[in-house]
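> Build me a structure from this.
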Amino acid sequence: MVPVKVPMNAKLIFKTVFLIAMLLLLVLIGLYNKETVTLALPPILPSAIRQPAAIMYFGFFAVGVLTGTVLTVGGGGRRSGGSKSGKGE
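As a prediction, the model looks like this:
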């Protein structure tokens with residue numbers, strides 16, 4: 001029986017390791033930052049929000065992930081370099 005080679009995508013592995021590192025950072029922030037902090041944003045929030053620091057960090061992380069997702073998804077129109085076809089010219 002011939003073993004099947006599975007290609008490893010280095011970019012995907014790097015992204016996965018980076019995400020795990022960020023989640024570990026969030027866990028550490030949650031363990032060591034229990035003080036209450038205040039977030040004031042008058043144009044958007046009518047009153048200040050008081051939450052534990054770890055929850056604020058998690059919220060900011062979530063907003064960053066959503067922003068990155070929105071910026072990288074979409075725009076799947078035509079790719080440069082012409083069309084790909086199975087036939088040679």
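> got a list of contacts for the helix or strand where residue 38 lies?
Residue 38 belongs to strand 36-39 when assigned by DSSP states H and E. Outside strand 36-39, the residues within contact range by C-beta atoms under 8 Å, 6 or more residues apart in numbering are 45, 48, 49, 50, 51, 52, 53, 56. C-beta: built from backbone N, CA, C; applies to glycine.
> Grab the most central residue of the chain for me.
In the chain, the C-alpha nearest the mean C-alpha coordinate belongs to residue 65, at 3.5 Å (C-alpha atoms, centre = their mean).
> before we move on, the earlier item: please compute how far the strand holding residue 38 lies from its chain's middle.
Centre-to-centre, strand 36-39 and its host chain are 24 Å apart (C-alpha atoms, centre = their mean, to the nearest Å).
> Please name the strands paired to that strand in the sheet, noting orientation.
Looking at strand 36-39 with DSSP bridges, its partner strands are strand 49-52 (antiparallel).
> circling back: among the contacts of strand 36-39, who's most crowded?
Neighbour counts for the contacts of strand 36-39, by other C-beta atoms under 10 Å, peak at residue 56, which reaches 18 neighbours.
> Relative to residue 22, which of the contacts of strand 36-39 is nearest.
residue 56 (15.8 Å; C-beta to C-beta).
> Give me the distance between the closest one and residue 26.
Remark: distance between residue 56 and residue 26 (C-beta to C-beta, to the nearest Å) = 11 Å.
> Over to residue 11?
Applying C-beta to C-beta, the value for residue 11 to residue 26 is 23 Å.
> Those two - which one has more neighbours?
Taking other C-beta under 10 Å, residue 11 and residue 26 do not tie; residue 26 has more neighbours (15 against 7).
> Would you mark the buried spots in the helix or strand hosting the more buried one?
Assigned by DSSP H and E, residue 26 belongs to helix 10-32. Across helix 10-32, burial judged by 16 or more other C-beta atoms under 10 Å covers residue 29.
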